[in-house]
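> no sequence on this one, just coordinates:
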C-alpha cells in the first residue's frame, strides 16, 4: 500500500472542501450545522 504524504492529503482536502460543504448544507438544510 502506498504511503500518502501530508501535501497530497492537503491538496485533496482543498480540492473537495467546497463540494463536501455543499452536500452537508443540502442534507442538513443549514450552513451553520454543516
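Arrived safely, thanks for sending. Remember, it's a predicted structure, so these values are computed and weren't measured experimentally.
> pLDDT at residue 8, what is it?
pLDDT, residue 8: 95.
> so how far is residue 2 from it?
10 Å (CB to CB, to the nearest Å). Every C-beta, even on glycine, is put in place using the N, C-alpha and C of the backbone.
> More neighbours: which of those two?
Higher neighbour count among residue 8 and residue 2: residue 8, with 11 against 5, using other CB atoms under 10 Å.
> any idea which element the more buried one lies in?
helix 6-28 (DSSP states H and E).
> Count residues in the vicinity of residue 4, would you?
With other CB under 10 Å as criterion, residue 4 counts 9.
> I meant residue 24, not that one.
Using other CB under 10 Å: residue 24 sits among 14 other residues.
> now swap in residue 25 and tell me
14.
> Which residue is the nearest non-sequential neighbour of it?
Here the nearest residue to residue 25 in space, its sequence neighbours aside, is residue 34; by CB to CB, 6 or more residues apart in numbering that works out to 4.5 Å.
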